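In: Fold the following for me, if possible:
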Amino acid sequence: RRAGRSLVLGKEEAKERGEGGFVPSGAVAMIRCFLVINNFGKPRLIKFYERLTNEQRQRTIEHAFRLVSKRLDDLCNFVEDGSLFGDDTHVIYRHFATLYFIVVCDKAESELGILDLIQVYVETLDKSFENVCELDIIFNQQKAGLILDQMITGGLVLETNSQEIEKRYKELEKSMKQQDREASNSPANMYKGASPRTF
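Out: Now for the predicted structure:
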């Protein structure tokens, strides 16, 4: 068993994080943010699990990128840095081709567990896009974000099984398409733009 808190936590605990997936004031998030940034520092997918201003988010993205991009590939994937969210957090990352996958989380969390989390996310993207690349994420940000949402809610990881994550996303996608069909077939939309009837 790995040291640190369990990576996968229950849904009831996730609900306690409050509405909108953000951490209530005074609580400590297991994961503070999940960032996908390319080799030139361009953000491709950004998820924050704490309420921050746009300026704070931008500073976090820039600092996290500087922190990991200057490191050699043969160094470990864990970085101690308290300037982002305080001394009780650290940065864990993986570098795949043109993208850095960066997680800022509590020090109490297992580093290997977070590396596994990143690996599962990349594998799930790979299955969904068939050999995923940076362009897939650029042009399908909603899909990439929704897949991540099936894994992490309010800073807590709910699922790390790639097949289950893909299944949940497909169910969500099916539900969204059904809602779109129902909306397009509603009387309001059917008669929208119709010419006034003449008698």
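
In: Would you mind listing where this protein has pLDDT under the threshold?
Out: Residue ranges of the chain with pLDDT under 70: 1-29, 186-199.

In: Give me the longest helix you can find in it.
Out: Longest helix of the chain, by residue count under DSSP state H: helix 162-184.

In: helices or strands up against that one?
Out: Where contact means 3 or more C-beta pairs under 8 Å, 6 or more residues apart in numbering; DSSP states H and E, helix 162-184 is packed against helix 111-129, helix 141-149. (C-beta placed from N, C-alpha, C; glycine too.)

In: That one vs helix 141-149, what angle?
Out: 130 degrees (axes from the mean of the first three to the mean of the last three C-alpha atoms, to 10 degrees).

In: about what we covered before: out of the helices and strands packed on helix 162-184, flag the one nearest S69.
Out: Taking C-beta to C-beta, helix 111-129 is the member of the helices and strands packed on helix 162-184 nearest to S69, at 16.2 Å.

In: and the helix or strand following that closest one, what other elements does it pack with?
Out: On the C-terminal side of helix 111-129, the nearest following helix or strand under DSSP states H and E is helix 134-139. Here helix 134-139 touches strand 43-48, helix 111-129, going by 3+ C-beta pairs under 8 Å, 6+ apart.

In: Redo those as CSV? Include distance to R94.
Out: Shown next, in CSV, are those (distance: least, C-beta to C-beta, whole Å):
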stretch, distance to R94
strand 43-48, 14
helix 111-129, 5
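
In: closest to Q150 out of these?
Out: Here helix 111-129 is closest among the helices and strands packed on helix 134-139 (C-beta to C-beta), at 8.4 Å.

In: Just to be sure, H95 is in a helix?
Out: No - using DSSP: H, G, I helix; E, B strand; the rest coil, the assignment for H95 is strand, not a helix.

In: List the residues that contact the residue most central in space within the chain.
Out: The centroid of the chain falls nearest to L148 when counting by C-alpha atoms, centre = their mean (4.2 Å). Residues near L148 by C-beta atoms under 8 Å, 6 or more residues apart in numbering: F34, L45, K47, Y121.

In: That concludes my questions; thank you for your assistance.
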